[in-house]
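Participant: sequence unavailable; structure follows:
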Ligand SMILES: *Cc1c(COP(=O)(O)O)cnc(C)c1O
């Protein structure tokens, strides 16, 4: 068991937070978990009051962007018990991201123990009621001082947490990318690396000027195949079959996407993993077989797409009353909030 040094807060800030009108990711709980890497190893982890981090202006992360992150949530059931959803998937994925960015792996057992202790101290920040949760943002940055363009020798691993309410931005209209790319073959699109997101902001802002809330990314070589959107993987319902493209080195291997693939057959939904062409989507929209499209990820579970634009033309999605997206979302929420059976053992209680 890893020994974690705990510095208590003087006074909780919780009474200053209005939990009925939270803006996603604005408020942070009392504590944070911090662990430094130097001299070739991870030092003693600490849990201490949430506060600014001090770094040299020459710190590597500011110049060369060695930075990776994760996104998870903690949920509270009606009896006040706290749960995580498949957390080991996130511990492992963080380390896959680290490997690609030439950063040191963070021991998964330390991640698990640190996160659970942190949640124990901040459990008042997790509110009951479906939709309420504590968003967990683990991240690692390169902290070595000096502007030499090479992998750093010092790093910081941090976990901060933010109370959130159910995340629903309304249905989104997306623009299919025909010029910009999010990731490339041989690149690091599969890593949750900060740079992947920085590169999306400009094309997304351009799409917003045309009235789209998100860009639906296509493969960089041909722009013919649909890949993912924002911080979400994609599903399409075409002729009653639920289709998602295979993950690749360009695509983030989302826990939600993977969970839906396992869960859907139990809900009587047929799934298929295969590449989807932009032209197939257009044809399916035109002949009425495109019944749903949605993004999926930890923040919103599923996020319905109402229509898409491609090369200046808008296309509709002919949604039936009974949406797969709703059925899937309800089932996943039931597992996360300990309201329904958990056939795959995805729920993990924080004791
Ligand atoms: C985080 C993320 C996802 C979704 O992953 P989950 O594990 O389901 O939250 C999908 N695509 C990208 C690019 C992401 O950053």
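Facilitator: Okay, I see it. The shown structure was predicted, so the numbers you read here are calculated from the model rather than taken from an experiment. Residues are numbered from 1 along each chain as shown.
Participant: low-scoring stretches of the stretch 151-300 of the chain, by residue?
Facilitator: Counting by pLDDT under 70, the stretch 151-300 of the chain has low-confidence residues at 168-169.
Participant: which bits of it sit near the ligand?
Facilitator: 192, 228, 231, 232, 233, 252, 254, 255, 256, 257, 297, 298 (Cβ under 6 Å from any ligand atom). (Glycine included, C-beta is placed from N, CA and C.)
Participant: give the contact list for the last one.
Facilitator: By that I understand residue 298. 71, 72, 73, 85, 254, 255, 256 (Cβ atoms under 8 Å, 6 or more residues apart in numbering).
Participant: need the contact list for the nearest residue to residue 56 once chain neighbours are set aside.
Facilitator: Leaving aside its chain neighbours, residue 56 sits nearest to residue 145 (4.0 Å; criterion: Cβ to Cβ, 6 or more residues apart in numbering). By Cβ under 8 Å, 6+ apart, residue 145 lies in contact with 56, 58, 59, 60.
Participant: from those residues, which is closest to the ligand?
Facilitator: residue 60 (22.3 Å; Cβ to the nearest ligand atom).
Participant: got the phi/psi numbers for that closest one?
Facilitator: Taking degrees, to the nearest 10, you get phi -50, psi -40 for the backbone angles of residue 60.
Participant: okay, now it: neighbour count?
Facilitator: Neighbour count for residue 60, taken as other Cβ atoms under 10 Å: 26.
Participant: and for residue 343?
Facilitator: Neighbours of residue 343 (other Cβ under 10 Å): 10.
Participant: show me the helices in this structure, by range?
Facilitator: 60-64, 87-100, 108-121, 194-209, 255-263, 278-286, 324-336 (DSSP state H).
Participant: including pLDDT and distance to the ligand, could the contacts of residue 145 go into CSV?
Facilitator: Listed next are those as CSV, based on pLDDT from 0 to 100; distance: Cβ to the nearest ligand atom, whole Å:
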residue, pLDDT, distance to the ligand
56, 98, 29
58, 98, 29
59, 98, 24
60, 97, 22
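Participant: out of the residues you listed, who's the most crowded?
Facilitator: residue 60 (26 neighbours).
Participant: verify the stated contact: that residue with residue 142.
Facilitator: Yes: in this structure residue 60 lies within contact range of residue 142 using Cβ atoms under 8 Å: 3.8 Å.
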